[in-house]
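Chemist: okay, sequence plus prediction incoming.
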Amino acid sequence: MDNSLIVYGYHGTSQIKAVNILKHGFLASDNDYDWLGTGIYFFQDAPIRAKQWATQQHPNNPAVICATIQLENCIDLFDVGWHPSLKNIYNLFIERNRLLNRTLPQQSQRSSKAHRLDCAFLNFVHEFAVKQGQPIDSIRATFIEGERLFPNSAIFDLAHVQIAIRNPTLIQKCYLM
């Protein structure tokens, strides 16, 4: 399924890195714990959350870059239509790991935010899609984070929409906030 939509993304970083990004462009993160796999990460429509994150990571010099992003060739996990395909691809992912005698990456507890299984799986989905001639350029999902807003609430104080961009040409206008 293709989804073409223009959104605002906010990328938290340091002042020094922000200046470098605006001059030379973004570099994709490829840590084995990145939730949505390899990509350039943004908070969608959440500049305050991006500033909080930047301040947490770079307390002495936080910065936020606002970007206009065109979501194309997007795995949009807001759309439940993706779920059956992803479940089927997950079975292939399991089988590949079994054939290679690899154990599945472990998902950590929410507090450490190391999402190794999600990362490995979504990178596998990208590889699978490329082999099918349908590259994935972006992924968007809701990220549940933080504490419940009140007892028994399903609302979390740091929940947000996260986007991982694999194709940097989808990042259009950028400016430092």
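Modeler: Perfect, thanks for sending it.
Chemist: low-scoring stretches of the protein, by residue?
Modeler: Scanning the chain for pLDDT under 70 picks out the ranges 1-3, 109-112.
Chemist: what do you get if the cut-off is 50, keeping everything else the same?
Modeler: Low-confidence segments of the chain, defined by pLDDT under 50, are located at 1-2.
Chemist: can you give me the helices in it?
Modeler: 15-24, 47-57, 82-99, 116-131 (DSSP state H).
Chemist: so what's the gap between the third one and the chain middle?
Modeler: Its chain's C-alpha centre lies 20 Å from the corresponding centre of helix 82-99 when counted by CA atoms, centre = their mean, to the nearest Å.
Chemist: now what about it, what contacts it?
Modeler: In this structure, residues lying in contact with helix 82-99 by CB atoms under 8 Å, 6 or more residues apart in numbering are M1, I75, D76, T103, L104, A120, F121, F124, V125, F128. Using the backbone N, CA and C atoms, a C-beta is placed for each residue, glycine as well.
Chemist: max pairwise distance over these: which two?
Modeler: Of all pairs drawn from the contacts of helix 82-99, the one with the longest distance (CB to CB) is M1 and T103, at 31.5 Å.
Chemist: who has more neighbours, the two?
Modeler: It is M1, of M1 and T103, that has more neighbours when counted by other CB atoms under 10 Å, with 11 against 7.
Chemist: any of the contacts of helix 82-99 buried? List them.
Modeler: Buried positions within the contacts of helix 82-99, assessed by neighbour count (16 or more other CB atoms under 10 Å), are I75, D76, A120, F121, F124, V125, F128.
Chemist: any idea how far K87 is from the closest residue to the fourth one other than its chain neighbours?
Modeler: Okay, so that is F121. Sequence neighbours aside, F93 is the residue nearest to F121 in space, at 5.5 Å (criterion: CB to CB, 6 or more residues apart in numbering). Shown here: F93 relative to K87, a distance of 10 Å by CB to CB, to the nearest Å.
Chemist: and if you look at I136?
Modeler: With the distance defined as CB to CB, I136 ends up 16 Å from K87.
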